[in-house]
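[1] what shape does this take:
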Amino acid sequence: MLLRTLLLSLGLWLGLVASPAYGADAFIPLDDPLYEQVSEWVARGLLPADLDGMRPYRWGQLATLLDGLPPLQYDSDRQRLRQWQQTIARQQARLTGQLRGRASWVDGVPVRHAPVPAQAGAPLLEGDGGATYGEHDGALLQLRLEGRPTNSLTLVVAPELGLGRAQPGNRFWQQAYLLWRGRGLQLSGGVQPLVWGVGRLGGFVLTDQAAPRPTVRLNMVQAATLPGDLSRLGRFRFDLFTSRLEADRMVPHALMSGLRLEWHPFTWATWGVSRAIQFGGRGHGASLSDFATILTGRNLVTNDTSNSIGSIDLALHLPLSAGRGLTLYGEYAGEDEAGFLPTKPALRGGALLAGLGGQRRVTVRAEFVATDVVYDHKRWGHQVWYRHGVYQSGYTYRGRIMGDPAGPDGRAATLEFSHDGPQGRVALSLGWRVQRFSEPAREDHRQVGLRWQRLPVGPLWLDLLARTEQVQFDDGRRSRWQSLWITTITLPFARAAHG
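    Residues are numbered from 1 along each chain as shown. Got it, this is the predicted structure:
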């Protein structure tokens, strides 16, 4: 009864939430350093945790939070605020966009997919919208256009072309969607990215590891409080989507739906619950009543016609003295369920220490991920995560896992140091990943990465990435170091600002 009352109150309140003061704008690309910068400001207590677990978000959503910003103490923070405000102003133009060229070079063993569908993912790559890079040279060319025909409607098209051995995640339209922003809600439809979770790359349910999918999405613009006495419970928001997967898989055109609920009991805390379900597809039709049964967490009596993944995550943002801050976060996820409780669990834990150095520009992040902890390999077998007996292509889209790149039966750890200076962001990362952890064919991947992002050189932005990795096998053999270099040059533009 209490849950029903809360949901009813939330639904009624959504119709009363005032529209933001900012016009429509597109989702911010997921490779923008803004996401890490916002996480650092949240850790330091400069921003509330409203944008934590649902990416991408819009410049207008960030602008609403910046309106309530307290006076800033450090010159570096004031400079960052001016840059954000300038970009927000440019995004209000009738037409904005960017021309992006990405040149790549791979040396050593080619970046490739493993033969197991659930393992499909390139060790050298994390995120990047499903793009692949073969050995030696390649290039990706993208034109991104964002048009605003009305104050509440935005159209985005981003065709992308692969040259040489580099290929985009989707065949041509990397992104193409229509976004409508209403009173407290936003509705989008088309090929668009979606990431859930409070981890470095998202969570176990959705990351940017695979290409954007054809999706219809409905979510709240900002977290909102419930009316009356229920306002003391804190702020809530939700994200709901339905996607159609590709035809070239064991069950062609399977559907995937998901729901994420977030609760912000305080400005410094985020509690999230996420769930995604694969169902339907050619030869596996599901009626409305079948879908309702699947949604409750139960399989159909006649057949196991759904693949479900769910997770619970928590992030605590603890401002420290002198402009520093610490974020602690964790996630518990289950592949499948039994009696409404997750089975075959996976765990994530991490910490982000922000605001180090004289101008509070240095950040340190550490994260550990495991899909084999508290897990009975004798009972369930190996390689269980992101796999399914009916949907045998696994939890993938166009050959890449839609969840965490650690994959099934794996462990991964990352340590990253970053410096957010006046001319750009420099990040040094150290990574370790074990694939097939409990099998004889275990692989230990050791990785070093260096990234220099968004350095303005005249009208151009630069993004330089170098990453190298060595693999050690269970018999003691080591691969030669394989390396990946990517240089991205972006030319942004804007025309015909709103009057």
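[2] quick check: which ranges of the protein have low pLDDT?
    The model of the chain has pLDDT under 70 over residues 1-24, 109-125, 285-305, 336-342, 375, 377, 496-499.
[3] what's the single longest helix in it?
    helix 75-90 (DSSP state H).
[4] got the buried residues for it?
    76, 77, 80, 84, 87, 88 (16 or more other Cβ atoms under 10 Å). For the C-beta atoms, the positions are set from N, CA and C on the backbone; glycine is no exception.
[5] tell me how far that helix lies from the chain's centre.
    With Cα atoms, centre = their mean, to the nearest Å as the basis, the distance from the averaged C-alpha position of helix 75-90 to the chain average is 24 Å.
[6] mind checking how far stretch 430-447 is from the chain centre?
    Centroid displacement of stretch 430-447 relative to its chain, using Cα atoms, centre = their mean, is 23 Å.
[7] correction: stretch 462-476
    Relative to its chain's centre, stretch 462-476 lies at 22 Å (Cα atoms, centre = their mean).
[8] please apply the same query to stretch 442-459.
    That offset, for stretch 442-459, works out to 18 Å (Cα atoms, centre = their mean).
[9] closest to the centroid, which residue in this structure?
    With distances taken as Cα atoms, centre = their mean, residue 195 lies nearest the centre of the chain, 2.9 Å away.
[10] now do the contacts for that residue.
    30, 54, 55, 56, 201, 202, 206, 207, 208 (Cβ atoms under 8 Å, 6 or more residues apart in numbering).
[11] ok, so of these, who is nearest residue 476?
    Closest approach to residue 476 among those (Cβ to Cβ): residue 201, at 30.6 Å.
[12] ok, the closest one to residue 105 distance?
    According to Cβ to Cβ, to the nearest Å, residue 201 and residue 105 sit 24 Å apart.
[13] tell me which of these two has more neighbours.
    Neighbour count, other Cβ atoms under 10 Å: between residue 201 and residue 105, residue 201 has more, with 21 against 18.
[14] what about residue 463, which helix or strand?
    According to DSSP states H and E, residue 463 maps onto strand 461-473.
[15] counting by contacts, list what the helix or strand following that strand packs against.
    Moving toward the C-terminus from strand 461-473, the next helix or strand (DSSP H and E) is strand 482-497. If contacts are counted by 3 or more Cβ pairs under 8 Å, 6 or more residues apart in numbering; DSSP states H and E, strand 482-497 sits against strand 93-107, strand 461-473.
[16] with distance to residue 417 as extra columns, can I get those strands in TSV?
    TSV is the format used below for the helices and strands packed on strand 482-497 (distance: least, Cβ to Cβ, whole Å):
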stretch	distance to residue 417
strand 93-107	24
strand 461-473	15
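[17] figure out which of those is closest to residue 185.
    The minimum distance between residue 185 and the helices and strands packed on strand 482-497 falls on strand 93-107, with 23.1 Å, by Cβ to Cβ.
[18] and that closest one with strand 461-473, angle?
    Angle, strand 93-107 to strand 461-473, by axes from the mean of the first three to the mean of the last three Cα atoms, to 10 degrees: 40 degrees.
[19] partner strands of strand 93-107 and their direction?
    strand 132-150 (antiparallel), strand 482-497 (antiparallel) (DSSP bridges).
[20] please identify the deepest-packed of those strands.
    Ranked by mean neighbour count, these are led by strand 132-150 with a mean of 18 (mean count of other Cβ atoms under 10 Å).
[21] show me what the very next helix or strand once past that strand is packed against.
    Following strand 132-150 in sequence order, the next helix or strand is strand 153-167 (DSSP H and E). Secondary-structure packing of strand 153-167 (3+ Cβ pairs under 8 Å, 6+ apart): strand 93-107, strand 132-150, strand 173-181.
[22] can you pull the buried residues of the first one?
    Neighbour-count burial for strand 93-107 flags 93, 96, 97, 98, 100, 102, 103, 104, 105, 106 (criterion: 16+ other Cβ under 10 Å).
[23] quick check: buried residues in stretch 177-192?
    Across stretch 177-192, burial judged by 16+ other Cβ under 10 Å covers 177, 179, 181, 184, 185, 186, 188, 189, 190, 191, 192.
[24] cool, and stretch 45-54?
    Buried residues in stretch 45-54 (16+ other Cβ under 10 Å): 45, 46, 47, 48, 49, 50, 51, 52, 53, 54.
[25] mark which of those residues are part of strands, please.
    Of the buried residues of stretch 45-54, the ones assigned to strands by DSSP state E are residue 54.
[26] need the buried residues of stretch 45-54 in JSON lines with distance to residue 458, can you?
    Formatted as JSON lines, the buried residues of stretch 45-54 follow (distance: Cβ to Cβ, whole Å):
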{"residue": "45", "distance to residue 458": "36"}
{"residue": "46", "distance to residue 458": "30"}
{"residue": "47", "distance to residue 458": "31"}
{"residue": "48", "distance to residue 458": "36"}
{"residue": "49", "distance to residue 458": "36"}
{"residue": "50", "distance to residue 458": "35"}
{"residue": "51", "distance to residue 458": "31"}
{"residue": "52", "distance to residue 458": "35"}
{"residue": "53", "distance to residue 458": "37"}
{"residue": "54", "distance to residue 458": "35"}
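[27] of the buried residues of stretch 45-54, which is the nearest to residue 235?
    Comparing those against residue 235 with Cβ to Cβ places residue 50 closest, at 7.3 Å.
[28] which residues touch that closest one?
    61, 65, 222, 223, 235, 237, 264.
[29] wouldn't the fourth one be in contact with residue 233 here?
    No: Residue 223 lies out of contact with residue 233 (Cβ atoms under 8 Å); the separation is 11.8 Å.
[30] more crowded one of those two?
    residue 223 (21 against 14).
[31] can you tell me the closest non-neighbouring residue to that one?
    Distances taken as Cβ to Cβ, 6 or more residues apart in numbering place residue 235 nearest to residue 223, at 3.9 Å, with adjacent residues excluded.
[32] then residue 361?
    Of all residues not flanking residue 361 in the chain, residue 420 sits nearest, at 5.0 Å (Cβ to Cβ, 6+ apart).
[33] please report the distance of residue 182 from residue 82.
    From residue 182 to residue 82 the distance is 30 Å (Cβ to Cβ).
[34] and what of residue 402?
    Applying Cβ to Cβ to residue 402 and residue 82 gives a distance of 37 Å.
[35] same check on residue 219?
    Residue 219 is 29 Å from residue 82, by Cβ to Cβ.
[36] do residue 473 as well
    51 Å.
[37] and what of residue 133?
    For residue 133, the distance to residue 82 - Cβ to Cβ - is 36 Å.
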